[in-house]
Each structure stands twice: as C-alpha cells, then as structure tokens.
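Student: fold the stuff below for me.
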Amino acid sequence: MPDTATLAGGLVAAVRLLDPAAAWIPAWRALGARAAVRNPFYEAGYALEARAPFGDGVRLLIVADRPPEAPGARILAAWPFRRLWRRWGLPLPVLMGWTHGYGPFGAPLLDAADPGAALAGLLAAPRALGLPPRLLLPNAPATGPLADLLSACGVRRAAYWPHERGLLDVTGRSMQARATYLDHLSGKRRRKLRLARQRLEAAGPVALEILDAPAALDRALDDHVALEAAGWKGRAGTGLGERPDEVAFLRAVLADLGSEGRLRVVRLRRDGRVLASAILPITGAEAWVLKIAHDEADPEAAPGVQLVHRLTETVLAREGIDRIDRIDSCAPPDFALGSTFWTERRPIAHLLVEAGRDPLFPLARTLERARERVARARLTSRSGRSA
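Tutor: Sure thing, here's the model as predicted:
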C-alpha cells in the first residue's frame, strides 16, 4: 500500500503516522484554524497529545497541494482514522474516524477556502492509496455544512444512532434577545434553581471563576481531578486519579491550547473549595464541554446544574467570557444537563460514506444497520435488567 499518491487535478493524498516531529505539523495546525467545520478534537495540538493514551493504530489521511513534507505544502483535508478489518464479522474492511472518550465530534477538517474540493479529495484518497473505499464518521454533524457538502458530492451515505445534543447558540442575537433567552424555563424549574442556589450558598457566597492563564489552568486540573476523586467515580476506582495517562493527556492539552488562549476552566468556588468544574476547549466563538465534575456531598444543591446555569447567564450577558456565542454540550444521548438550559440542538449521527465507487457499499450499509439493531436490543435488555 503506498503512503502517497497523486489525485486528479494535481492534489496529493497521503497517509501518515501521528508524528509530532513531522514537517507538516504546522500545516495541519493551520488547517484546523481555517476549517469549514471546526473540530478541536481533530486539530493537531489536541490529536497529538491524545495519541499516547488513545491513538494506537491511528493514522492521518491527508489531502494537500503537494507532498505534505514539501516546503510550503498546504493541507486541504485531514482526517484521523483506524482501519477496521472485521467490524461486521466479515472480511469487509472500513476506515473509521478516530473516536475516544475525549473526542466527541467526528467532522473531518476541510479547508474553508474550497471545502467541496477538499472533501472530494478526501473521498478520492482511499482508493488512490489502496485503502477500503468506505468511511465511517462517528459522532458527525448530521445536518449543516458537512451534510450539504456530502450531498453536493453525490456520494451514497447512511446515518446510524441519530440523536440531538444540547447546544447554546446566540450568534447574532441582540442583547434584548439574550436577556430573554432563559424565559423558557418553567416556574417550577426556576424555583428549584433558586432553592438549590440558596442551599449552596448557605455556607458562604459562591463565585463563578473563568480561568484562562496557563499556570492557573494547570492548577485547576489538579482541583478537577481531586473533585472527581471525591465522588462516586473515585469510590468505584474509575476516576481520573486512577488513570494517570489521561491526566497527563489533559495536562498537555491544557498547556497547548492554553498557550493559544483557546481553553477555559469554568468553576464554582466557595472559600477556596471547588464545587463544580468544567473544561472547555475553544474554537473561534464556540466552546466545547470536554469534561465536567461536581461536588456530590449535597445532591440537592446541584452544583453541576448551577455551574451550567451560571455559565449560560455569563455568556448571555457577555461578561467575562464575551467572545463565546456557542457552547456544544458534547453530551451523549438522553443526557439532559445542557438541554435543560439550551434550546438549540445539534443533530449527530454515525455516518457511513462511500468513498469512490464501491459495489460493496450496499452490503456494508445493511451490515451496519444490523449491527445497530443488535446493539440497541442489547442496550434495551441491559436497561431492563438494571431497572
């Protein structure tokens, strides 16, 4: 299998290891900043730090205007993936986009200057490189620019595990519209929030902190790990404190993105005690809820819920975090924390996409649907036993 091939129109396709010393890393970083659909989890800084704990077998599919190592190369598309040989129990391989517990979004990076050409190159690359001509994009946006580009390319695709996750989006809203954004909350919900806040502040005032200085971010991660360790995850031995490789990954991400001003730690604090904490990577005017933890000592005070509520109020008022107009909850299906306050939704699905003419695509589509049905049946069965 070649690792570099020429595509129609003179573009170059390449498959490369995630090597932080590679000459094309700056070009990958530059693509992330100008991508048509921003995805912090596929950008160079984040992905390179994730390779140690989560990157076994991961390669990067690249489309560029010349070989990526050549001076001045401009990368037009980048997509980290694994090659799965028997996802369906048959020798029918598929390229699956990189996903892990800290990578909840699967849109490939496409150059915003000409995303159609970038996507066409990405879809042509597998066959040129001797790879399977079918791609599986987990947790991809099911509507919006990427879906429109796929439709324009005329390729066959199918969606699996569709769901919607909570999204705050006040882009372009007036301050008056922002002031009434939370009016959808019921009177009962407002009373519960008010009582919970009074309960939380009974021992003293609680401050919302928004941290962005690199040194402060590093210390905040220690507090975040300690907060999680004090809860049920710590008692079950599944907290971050039990996974030093993941803590090292997060520390490196905070340092990398923090040095560019692209990360916030938002938390509630009383007299030096952290009550709730969230880690938010930033892409332009959008934040992504990567990790959240809260004090479980008094569940009725609901510090995690109050953190999201106060963060929402801060964004709406443009106070302290005024560059942010969107927040993706990155929540799994049926997780209500973000959707309680945020009225917008981001449709998400696993997308199986034909990359070039593939006579076996209908078979792959049928097998993936069967796999989904079996997984749903097992999930329902486990839920019934738990109940």
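Student: and stretch 192-203, how far from the chain's centre?
Tutor: Put simply, stretch 192-203 sits 32 Å off its chain's centre (Cα atoms, centre = their mean, to the nearest Å).
Student: correction: stretch 204-213
Tutor: 25 Å.
Student: residue numbering should commence at 737 henceforth.
Tutor: With 737 as the first residue, the last one maps to stretch 940-949.
Student: outside of it, which residues touch it?
Tutor: Contacts to stretch 940-949, defined as Cβ atoms under 8 Å, 6 or more residues apart in numbering, come from residues 933, 936, 953, 956, 994, 997, 999-1007, 1011, 1042-1043, 1046-1047, 1050, 1056-1057. C-beta here means a position set from N, CA and C on the backbone, and glycine is covered the same way.
Student: quick one: which of those sit in strands?
Tutor: In strands, defined here by DSSP state E, the members of those are 999, 1000, 1001, 1002, 1003, 1004, 1005, 1006, 1011.
Student: lowest average confidence, helix or strand, in the chain?
Tutor: helix 968-972 (a mean of 68; mean pLDDT, DSSP states H and E).
Student: any chance of the ones in strands among the contacts of stretch 940-949 in CSV with pLDDT and neighbour count as columns?
Tutor: Supplementary listing: the ones in strands among the contacts of stretch 940-949 in CSV, determined by pLDDT from 0 to 100; neighbours: other Cβ atoms under 10 Å:
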residue, pLDDT, neighbour count
999, 95, 25
1000, 96, 24
1001, 96, 25
1002, 97, 25
1003, 96, 26
1004, 96, 23
1005, 95, 16
1006, 94, 16
1011, 95, 22
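Student: pull the most distant pair out of those residues.
Tutor: Greatest spacing in the ones in strands among the contacts of stretch 940-949, by Cβ to Cβ: 999 and 1006 (23.7 Å).
Student: helix, strand, or coil at residue 818?
Tutor: Three-state call for residue 818 (DSSP: H, G, I helix; E, B strand; the rest coil): strand.
Student: for residue 870, phi and psi?
Tutor: Here is the backbone geometry of residue 870 (degrees, to the nearest 10): phi -140, psi 130.
Student: I'd assumed residue 929 was in contact with residue 1045.
Tutor: Yes - contact criterion Cβ atoms under 8 Å: residue 1045 and residue 929 qualify, at 6.1 Å.
Student: list the buried residues of the top strand by length along the chain.
Tutor: Identified as the longest strand of the chain according to DSSP E is strand 893-905. Neighbour counts over strand 893-905 (16 or more other Cβ atoms under 10 Å) mark 893, 894, 896, 899, 900, 901, 902, 903, 904, 905 as buried.
Student: what's that strand packed up against?
Tutor: With contacts taken as 3 or more Cβ pairs under 8 Å, 6 or more residues apart in numbering; DSSP states H and E, strand 893-905 sits against strand 1062-1064, helix 1073-1077, strand 1080-1090, helix 1097-1122.
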